[in-house]
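# no FASTA, just this:
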């Protein structure tokens, strides 16, 4: 209780304003997913968020800032990898969450937006930051496992690519749903491969 | 010489017509890569191919048929995996070729076109066929290795995804060039993982 009271009260702007902003950002993410970063319209953001158009303009006079904030806000939840102490299980859960995330409006936005290099530096910067945060969370979990002796010392960035790459390929091809069995097979093969090819430590 | 003369002469429609058609298809692939399947214009195809606009309309009155043929034609070269007898090396070469292919106009077209599900059945069918051909070539090479005892019996479709997924991720993120060392690491880890986790044969 004492801890909670000591938190700065203005950390999250309260009540209606915060709710309106959250609704606008959620609507923006959905519309960007549907129409692209350059294709969505402020009017439709307002309609979808259930607010007046002037609320959107007042809060975000700059269209690009709206997009960047919408992307970053919805990325926060994705950049976490659990640590239950069981590396295999944590990685399987992470890959399942990644696969699910690729199907959400936000995930589609991210995928769609990353590929063409035609966006502004601010938007490219935001997308790069989102992907970096996610990569960093995965690398951190792998590094923790290495410190605990569950894995030999390894290039955690590379290991992250080995794990995430097949997930993205399977989801994007869309020929079959991505299942826990898929995640399990990927983690099993990659961890076994890393362990089998590790250089012995002197 | 004798062999060449025995080839059916009509296999490739001769001379100017064939050249014009090839130029039109090449121009179409490039423009589809730049402007998307629905965005390119016949006029520009003609300009780029160095032919009169009527040549395009006469050969392909149906726009969709033009796109499908352009995609299929440029896919032919991609659907091959060498068999030198050295599985590791053949897979490394394949992954390098895949990475290079993703940077070509055709590769970009394919990537761009696969994701949104908004295309017609004919175009989606062509894209699926291209990807299937490529997957089949990779699977066949893996199956051959299994028959030779270089690999334990394995799900070659899954192994293909484990190999190709990281390549696509690294190329798409574009943070660094994809090198032979990357291809080598991927093949090393995946083959070691498959061998280490194979069920013993009864």
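Perfect, thanks for sending it. All of these numbers come straight from a predicted model, not from anything done at the bench.
# quick one, helices of chain A?
Under the criterion DSSP state H, chain A contains helices at A:2-6, A:15-35, A:42-49, A:53-59, A:63-75, A:87-103, A:105-114, A:121-147, A:156-173, A:180-197.
# could those helices go into CSV alongside mean neighbour count?
C-beta coordinates here come from the backbone N, C-alpha and C atoms, glycine included. Output for the helices of chain A, formatted as CSV (neighbours: other C-beta atoms under 10 Å in any protein chain shown):
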stretch, mean neighbour count
helix A:2-6, 6
helix A:15-35, 18
helix A:42-49, 18
helix A:53-59, 15
helix A:63-75, 20
helix A:87-103, 19
helix A:105-114, 20
helix A:121-147, 17
helix A:156-173, 22
helix A:180-197, 20
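# could you dump those into a markdown table and include distance to chain B and mean pLDDT?
Compiled in a markdown table, the helices of chain A are given as follows (distance: least, C-beta to the nearest C-beta, whole Å; pLDDT from 0 to 100):
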| stretch | distance to chain B | mean pLDDT |
| --- | --- | --- |
| helix A:2-6 | 40 | 44 |
| helix A:15-35 | 11 | 86 |
| helix A:42-49 | 19 | 94 |
| helix A:53-59 | 26 | 93 |
| helix A:63-75 | 15 | 83 |
| helix A:87-103 | 11 | 90 |
| helix A:105-114 | 7 | 64 |
| helix A:121-147 | 7 | 84 |
| helix A:156-173 | 3 | 90 |
| helix A:180-197 | 3 | 96 |
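# among the ones you listed, which is nearest residue B:32?
helix A:105-114 (17.4 Å; C-beta to C-beta).
# re earlier: can you put the helices of chain A in CSV and add distance to residue B:83?
Putting the helices of chain A into CSV (distance: least, C-beta to C-beta, whole Å) gives the following:
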stretch, distance to residue B:83
helix A:2-6, 65
helix A:15-35, 43
helix A:42-49, 54
helix A:53-59, 59
helix A:63-75, 44
helix A:87-103, 32
helix A:105-114, 34
helix A:121-147, 35
helix A:156-173, 23
helix A:180-197, 23
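# and those helices: which comes nearest residue B:178?
Of those, nearest to residue B:178 by C-beta to C-beta is helix A:156-173, at 10.6 Å.
# other residues contacting that closest one?
Applying C-beta atoms under 8 Å, 6 or more residues apart in numbering or on different chains, the external contacts of helix A:156-173 come out as A:91, A:94-95, A:98-99, A:102-103, A:111, A:135, A:138-140, A:142-143, A:146, A:176, A:178, A:182-183, A:186-187, A:190, A:193-194, B:114-115, B:131, B:161-162, B:164-170, B:185-186, B:189-190.
# next, the angle helix B:156-173 makes with that helix.
110 degrees (axes from the mean of the first three to the mean of the last three C-alpha atoms, to 10 degrees).
# what distance do you get for the nearest residue to residue A:99 once chain neighbours are set aside to residue A:91?
Once flanking residues are discounted, residue A:99 sits nearest to residue A:178: 4.0 Å by C-beta to C-beta, 6 or more residues apart in numbering or on different chains. Distance, residue A:178 to residue A:91, by C-beta to C-beta, to the nearest Å: 14 Å.
# can you check residue A:58 too?
44 Å.
# with residue A:33 instead?
Computed as C-beta to C-beta, the residue A:33 to residue A:91 distance reads 27 Å.
# swap in residue A:61?
43 Å.
# tell me how chain A divides into domains.
Domains of chain A are assigned by automatic domain parsing as A:11-74, A:76-197.
# TSV for these, including distance to residue B:66?
Formatted as TSV, the domains of chain A follow (distance: least, C-beta to C-beta, whole Å):
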stretch	distance to residue B:66
domain A:11-74	25
domain A:76-197	23
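# can you list the neighbours in contact with stretch A:135-146?
So stretch A:135-146 is in contact with A:79-81, A:83, A:87, A:90-91, A:94, A:151-154, A:156-157, A:159-160, A:163-164, going by C-beta under 8 Å, 6+ apart.
# change it to 7 Å
The contact list for stretch A:135-146, computed with C-beta atoms under 7 Å, 6 or more residues apart in numbering or on different chains, reads A:79-81, A:83, A:87, A:90, A:94, A:151, A:153-154, A:156-157, A:159-160.
# on that earlier part again, which one of the domains of chain A lies nearest to residue B:16?
Of all these, domain A:76-197 comes closest under C-beta to C-beta, at 36.8 Å.
# quick one, phi psi at residue A:174?
Dihedral pair for residue A:174: phi 70, psi 20, per degrees, to the nearest 10.
# next one: the one 4 residues further on
Here is the backbone geometry of residue A:178 (degrees, to the nearest 10): phi -90, psi 120.
# what is the burial count for it?
22 (other C-beta atoms under 10 Å in any protein chain shown).
# how close does it sit to residue A:96?
For residue A:178, the distance to residue A:96 (C-beta to C-beta) stands at 8 Å.
# do residue A:125 as well
29 Å.
# can you report how many residues neighbour residue A:37?
Residue A:37 is flanked by 24 other residues according to other C-beta under 10 Å.
# pretty sure it sits against residue A:67.
Yes. Between residue A:37 and residue A:67 there is a contact under C-beta atoms under 7 Å: 5.6 Å.
# common neighbours of the two, please.
residue A:123.
# I'd say residue A:189 and residue B:194 touch.
Yes. Residue A:189 lies in contact with residue B:194 (C-beta under 7 Å); the separation is 6.1 Å.
# what's the closest of the domains of chain A to residue B:53?
domain A:76-197 (28.1 Å).
# quick one: end-to-end distance for stretch A:45-53.
Length of stretch A:45-53, first residue to last, C-alpha to C-alpha, to the nearest Å: 8 Å.
# can you give the distance of that stretch from its chain's centre?
Offset of stretch A:45-53 from its chain centre (C-alpha atoms, centre = their mean, to the nearest Å): 25 Å.
# contacts for it?
A:20, A:23, A:24, A:27, A:28, A:30, A:31, A:42, A:43, A:55, A:56.
# could you report the distance from residue A:54 to residue A:88?
Distance from residue A:54 to residue A:88, by C-beta to C-beta: 52 Å.
# for residue A:175, same thing?
With C-beta to C-beta as the criterion, residue A:175 and residue A:88 are 26 Å apart.
# repeat that for residue A:138.
14 Å.
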